[in-house]
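In: kindly return the folded structure for what I paste below:
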Amino acid sequence: MTKTLVIAEKPSVGRDLASALPGKFAKHEGYLESDDSVITWAVGHLVELVDPDEYDPKFKKWRMADLPIVPERFRLRPRDAKAKKQLSVIHKLIKRDDVGAIVNACDAGREGELIFAYTVETAETDKHVDRLWLNSMTKKAIVDAFTRLRDGDEMRLLEEAARSRSEADWLVGMNATRAASIRLRAAFDGAVSLGRVQTPTLALVARREEEIRAFKPEPYWLVEAKFEAEGERRYTGRYLGGKRLPKAEDAAKIVEAVTGRPGEITQVERKEERQAPELLYDLTALQRHANTLHGFSARRTLAAAQKLYEDKKAITYPRTSSRYLSGDLVEEIKPTAELVGRNPYYRKAAEYVTSLQQLPLARIVNDAKVTDHHAIIPTRAEHDVDKFSDDEKRIYDLVVKRFLSAFFPEAVFERTRVETTVAEHVFRTSGRVLVEAGWRSVYGEVAEGEKPDEDDTGGDQLLPRLDTGEAVQTLSVESLAKETQPPRRFTEASLLAAMETAGKDIEDADLREAMKESGIGTPATRAAIIERLLSVGYIEREGRALHATEKGVQVIRLLGEHPLTSPELTGSWEHRLGLIEQGQDSRPAFMADIVKFTTETVAELDKLKEVKIERANLGPCPVCGRDVIENRKGYSCWSKDDPGCGFVIWKLKAGKTLPVQVVKQLMANGRSDGPVTGFRGRSGRSFNAKLKLVQNEEGKWRVEFDEEWARQPRPTPPDDETAEPVAVAAAEE
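Out: Below you'll find the predicted structure:
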């Protein structure tokens, strides 16, 4: 009797599959077995593309003459000893005589297909493969999916796109990193990491940082007046709706002309505004909202969503790029709403949805916009929300509210615009009142996370009833001194949005949808890209803001307008990978273009050998008075011609490169002016801390943390991101 071998992506998924399949499963090392089936698993990626030196030992040395490195055929190896052990288990199971067929039960998407393809390639088997395609991890969904297995050959194009993505990243990343590191040895200590996706993402942040640094604030003035109509109906207006006046005296003249003078309401315009419910979540939209509302990083949101999907069975597959449902899910909508409505917190909204005789499906159901997976929605599985972690509760809450609100009517506002004229000077006022809450009632009257920006118009006010021709008193008038503001730093929410649209600033939801196929990375990979930039020291978190470090800015500055920094180019590659999945582009053509691009990139980076790196001069040494100059590893008064006095401040401290301004503070005062951001503990968490400069008995200088927890023999600091979460190794000279 032959058995079917089922290969899942993770052990937890393997156990879930076993609980849904018939028969009793016995536990073995690395797999489960019943009379009919054997279930085993990868642990994420078990294998990876080998390093260049495994193709030829000469590549152990990084030399420009050897670049570009383009393997004729890419080879694979186990990621580590643990992966090698599990890979061996899978190989033995595949080769068993009683295993007649294989089911690919890895995550239903590009990366899941790659994990399976690489794993089976190393086993060198020709056994038939079927594909299990899951959107939900509930028992019913698993059983249904096993009755509708797809032939593995149907996944050929998805596999080709997956392999193309993997090999393109290897070719561009490996060659560009080597070329840049070789040519910029004089500028940076260690490798200069570049990549097909990470570099254009860094370029977005670094160029924004350059704009902020170059920004020169300019003063301007606004004039604001408070008015009162008969019956103590008060409101505020701004001169010409917030017109910026370039000189203080211009504003002063208006204040003088208006103060104490009567006015008249010369125009009142009222109109109805309607606001449709938000589209359902894909992963990027969920990550953006969780960052805006709760300050969650993209990685933190993904981790919670994955737990809700795999362990709690509470939401559908999270790594989706679709914000729509397919037509076959329509019959599931009301039963799902009924189930989530058992929670008192969602009962009222759920009852509204279940009471509808006809669901509004036009904005929600669209088969053409559902490819691998539909939007993230709650499942019909029974679960105890009280047993969820805090993060899981918050993400589940977002998913449930977005799902329920999608079936509610539009929110209706009355927009009022008022013009008040005083001594021929016109002041404008804007107000907006929620008339019908519609979908917003699911969240309360104001949708959560919606905080109107402060702007020069004065924002929307809750206005009394006002009519054209009414006389008003001018209660007060004042001149407001302002300064132009630099561009805002990216948050993870705004960076994810920029990645989704290849750097284009698009707020309209439908236009964003149209751009998604040409974004940087995919919903499943964007969190990892951001974390990669943090880990290599190119960007840092400061509260919710992300800013480029000096190293990150310098790398992009040196690359200039090289196509590797272009979000549009990377977006076009992602679009082509999508076309490969659809059979509208070919893997050979795409890879030929990637090889051509890699060759051109190496040639372009080779020109960096002519670049002179400007070193910072930090002024006189606090010990000997010689100039302290930046070098690759630190700041010291040493030079080739003069050994100096031995004073040095090493650049690297707890995963952070100390910027020039902080080093100047340490030289001048022996301490930083305040907490410095962007340190990383051994746990990987970031933290902020004050610094001090000390000299030991041997006369050597070092930078230490100037915090109470750092003065303890075994530091146990508070559990927050303003302090070091674990004991940190000494300064990393």
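
In: so where's the stretch 551-700 of the chain shaky on pLDDT?
Out: In the predicted model of the stretch 551-700 of the chain, residues 612-613, 684 satisfy pLDDT under 70.

In: all strands of it, in order?
Out: Counting by DSSP state E, counting those that start in this stretch, the stretch 551-700 of the chain has strands at residues 617-620, 627-630, 634-636, 648-650, 652-653, 656-657, 676-680, 686-689, 691-695.

In: now do the helix or strand just after the last one: distance to the chain's middle.
Out: Okay, so that is strand 691-695. Next helix or strand after strand 691-695 toward the C-terminus (DSSP states H and E): strand 701-705. Taking the mean C-alpha point of strand 701-705 and that of its whole chain, the gap between them comes to 33 Å (CA atoms, centre = their mean, to the nearest Å).

In: okay, now the sheet partners of strand 701-705, with direction.
Out: When pairs are called by DSSP bridges, strand 701-705 turns out to pair with strand 691-695 (antiparallel).

In: which helices and strands sit right next to the helix ranked longest in the chain?
Out: Under DSSP state H, the helix in the chain containing the largest number of residues is helix 156-183. The elements that helix 156-183 packs onto, with contact taken as 3 or more CB pairs under 8 Å, 6 or more residues apart in numbering; DSSP states H and E, are strand 47-49, helix 110-121, helix 567-582, helix 587-606. Bear in mind the C-beta positions are built from the backbone N, C-alpha and C, glycine included.

In: for the ones you listed, which one ends up most surrounded?
Out: Per-residue neighbour counts averaged over each of the helices and strands packed on helix 156-183 give the maximum for helix 110-121, namely a mean of 22 (mean count of other CB atoms under 10 Å).

In: against residue 164, how distant is the closest residue to residue 583 other than its chain neighbours?
Out: Spatially, and ignoring its direct neighbours in sequence, residue 583 is nearest to residue 157 (5.4 Å; CB to CB, 6 or more residues apart in numbering). Between residue 157 and residue 164 the distance is 10 Å, computed by CB to CB, to the nearest Å.

In: quick check: neighbours shared by the two?
Out: Common contacts of residue 157 and residue 164, defined by CB atoms under 8 Å, 6 or more residues apart in numbering, comprise residue 580.

In: between those two, who's got more neighbours?
Out: Residue environment comparison for residue 157 versus residue 164 gives the larger neighbour count to residue 164, 24 against 19, counting by other CB atoms under 10 Å.

In: contact partners for residue 21?
Out: Counting by CB under 8 Å, 6+ apart, residue 21 makes contact with 34, 36-37, 39, 142-143, 146.

In: how about JSON lines for the residues you listed, with pLDDT added?
Out: Listed next are these as JSON lines, based on pLDDT from 0 to 100:
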{"residue": "34", "pLDDT": "96"}
{"residue": "36", "pLDDT": "94"}
{"residue": "37", "pLDDT": "96"}
{"residue": "39", "pLDDT": "98"}
{"residue": "142", "pLDDT": "92"}
{"residue": "143", "pLDDT": "93"}
{"residue": "146", "pLDDT": "95"}
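
In: would you reformat the helices and strands packed on helix 156-183 as TSV and include distance to residue 523?
Out: Shown next, in TSV, are these (distance: least, CB to CB, whole Å):
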stretch	distance to residue 523
strand 47-49	22
helix 110-121	11
helix 567-582	11
helix 587-606	21
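
In: looking at those, which is closest to residue 178?
Out: helix 587-606 (8.4 Å; CB to CB).

In: returning to what we had before: helix or strand right after the longest helix of the chain?
Out: Going C-terminal from helix 156-183, and assigning secondary structure by DSSP H and E, you next hit helix 198-214.

In: buried ones in that next one?
Out: Buried positions in helix 198-214, judged by neighbour count with 16 or more other CB atoms under 10 Å: 198-209.

In: please enumerate the helices of the stretch 301-450 of the chain.
Out: Under the criterion DSSP state H, counting those that start in this stretch, the stretch 301-450 of the chain carries helices at the ranges 330-340, 347-355, 390-405.

In: low-confidence ranges, this structure, go.
Out: Counting by pLDDT under 70, the chain has low-confidence residues at 445-454, 505-516, 612-613, 684, 713-733.

In: quick one: which of the contacts of residue 21 is the most crowded by neighbours?
Out: Highest neighbour count within these, by other CB under 10 Å: residue 39, with 25 neighbours.

In: SS state for that one?
Out: The three-state label for residue 39, taken from DSSP: H, G, I helix; E, B strand; the rest coil, comes out as strand.

In: so it sits right up against residue 14, yeah?
Out: Yes - Residue 39 is in contact with residue 14 according to CB atoms under 8 Å; the separation is 4.8 Å.

In: give me the common contacts of the two.
Out: When contacts are counted by CB under 8 Å, 6+ apart, residue 39 and residue 14 have 6, 8, 31-32, 105 as shared neighbours.

In: contacts only, for the closest residue to residue 411 other than its chain neighbours.
Out: The spatially closest residue to residue 411, leaving aside those adjacent along the chain, is residue 438, at 3.9 Å (CB to CB, 6+ apart). Shown here is residue 438, whose contacts under the criterion CB under 8 Å, 6+ apart are 275, 277, 408-412.

In: which one of the strands of the stretch 551-700 of the chain lies nearest to residue 459?
Out: If you check each of the strands of the stretch 551-700 of the chain against residue 459 by CB to CB, strand 676-680 wins as the nearest, at 30.6 Å.

In: right, and the helices and strands packed on helix 156-183 - which one's nearest residue 246?
Out: Minimum separation from residue 246 across the helices and strands packed on helix 156-183 (CB to CB) falls at helix 567-582, 35.3 Å.

In: and the contacts of the closest one?
Out: Counting by CB under 8 Å, 6+ apart, the neighbours of helix 567-582 from elsewhere in the structure are 110, 157-158, 160-161, 164-165, 168, 196-197, 200-201, 203-204, 371, 498-499, 502-503, 517-522, 563, 585-587, 590, 594.

In: how about 7 Å then?
Out: Around helix 567-582, the neighbours that count as contacts under CB atoms under 7 Å, 6 or more residues apart in numbering are 157-158, 160-161, 164-165, 196-197, 200, 203-204, 502-503, 517-520, 522, 563, 585-587, 590.

In: buried residues in the longest helix of the chain, which are they?
Out: Within helix 156-183, the residues that qualify as buried are 157-183, counting by 16+ other CB under 10 Å.

In: can you list the strands of the stretch 551-700 of the chain in TSV and add distance to residue 257 and mean neighbour count?
Out: Output for the strands of the stretch 551-700 of the chain, formatted as TSV (distance: least, CB to CB, whole Å; neighbours: other CB atoms under 10 Å):
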stretch	distance to residue 257	mean neighbour count
strand 617-620	52	14
strand 627-630	56	19
strand 634-636	57	22
strand 648-650	58	21
strand 652-653	58	21
strand 656-657	55	20
strand 676-680	48	21
strand 686-689	50	22
strand 691-695	54	18
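
In: I'd like these laid out as TSV, including distance to residue 248.
Out: Converted to TSV, the strands of the stretch 551-700 of the chain look like this (distance: least, CB to CB, whole Å):
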stretch	distance to residue 248
strand 617-620	37
strand 627-630	42
strand 634-636	43
strand 648-650	44
strand 652-653	45
strand 656-657	42
strand 676-680	36
strand 686-689	38
strand 691-695	41
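
In: for residue 98, find the nearest of the ones you listed.
Out: Judged by CB to CB, the one of those that comes nearest to residue 98 is strand 676-680, at 49.8 Å.

In: so in that sheet, which strands flank that closest one, and in what orientation?
Out: Based on DSSP bridges, the strands next to strand 676-680 in the sheet, each with its direction, are strand 686-689 (antiparallel).
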